[in-house]
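J.: Build the 3D model from these lines:
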Amino acid sequence: MRPSLIRLGDMPGPRRAYNVWWGDKHGLVKQRGMYQYTLSPFQSKAAPHWARDYLFNGYRRLSKEAIYWVIPFSFGYGVYTWANNYTEYIESKAGHLAAVAAAGGEGH
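T.: As a prediction, this is how the structure comes out:
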């Protein structure tokens with residue numbers, strides 16, 4: 001038994017017809033004004049000069065936005081560094097001795 005042509009085919013109707021399957025109006029009326037253009041693969045360039053354009057345009061765009069992320073990042077990094085140094089000092093022997101001396105006691 002060989003498979004039928006419908007089983008081997010895609011959608012019913014002529015191959016190059018538009019508006020056949022979903023919007024079928026009981027017969028095919030040739031539509032006018034539909035044009036299809038293609039570009040030769042020898043003429044197309046997917047991304048010409050993208051690296052050079054990014055170097056100049058990207059630098060310009062990033063430098064204009066730098067004030068919005070450099071200042072907060074610098075402030076946050078400064079707070080982080082200060083807090084780490086302060087914590088290391090407080091947890092060190094010198095920090096413990098300074099805390100005891102500031103409290104005015106001799107310690108335990």
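J.: Let's verify Phe42: helix, strand, or coil?
T.: What DSSP: H, G, I helix; E, B strand; the rest coil gives for Phe42 is coil.
J.: ok, it - how many residues close by?
T.: Neighbourhood size, Phe42 [other C-beta atoms under 10 Å]: 5. C-beta coordinates here come from the backbone N, C-alpha and C atoms, glycine included.
J.: secondary structure class for His96?
T.: helix.
J.: Also Pro48?
T.: Criterion first, three-state DSSP; result for Pro48: coil.
J.: Give me the phi and psi angles of it.
T.: Here is the backbone geometry of Pro48 (degrees, to the nearest 10): phi -70, psi 130.
J.: Which pLDDT does the model give it?
T.: Per-residue pLDDT puts Pro48 at 77.
J.: Please apply the same query to Tyr54.
T.: Tyr54 is given a pLDDT of 85.
J.: From Val70, how far off is it?
T.: Applying C-beta to C-beta, to the nearest Å, the value for Tyr54 to Val70 is 20 Å.
J.: Point out the other helices and strands that the longest helix belonging to the chain packs with.
T.: Longest helix in the chain, counting residues (DSSP state H): helix 59-90. Here helix 59-90 touches helix 93-103, going by 3 or more C-beta pairs under 8 Å, 6 or more residues apart in numbering; DSSP states H and E.
J.: got the CA positions of the helix it packs on in CSV?
T.: The C-alpha trace of helix 93-103 is given here as CSV (Å, rounded to 0.1, in the frame of the first residue of the first chain):
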residue,chain,number,x,y,z
LYS,A,93,44.4,42.2,69.3
ALA,A,94,45.1,45.9,68.9
GLY,A,95,41.4,46.6,68.4
HIS,A,96,40.5,44.7,71.5
LEU,A,97,43.1,46.6,73.6
ALA,A,98,42.0,49.9,72.2
ALA,A,99,38.3,49.1,73.1
VAL,A,100,39.3,48.2,76.6
ALA,A,101,41.4,51.3,77.0
ALA,A,102,38.5,53.5,75.7
ALA,A,103,36.1,51.9,78.2
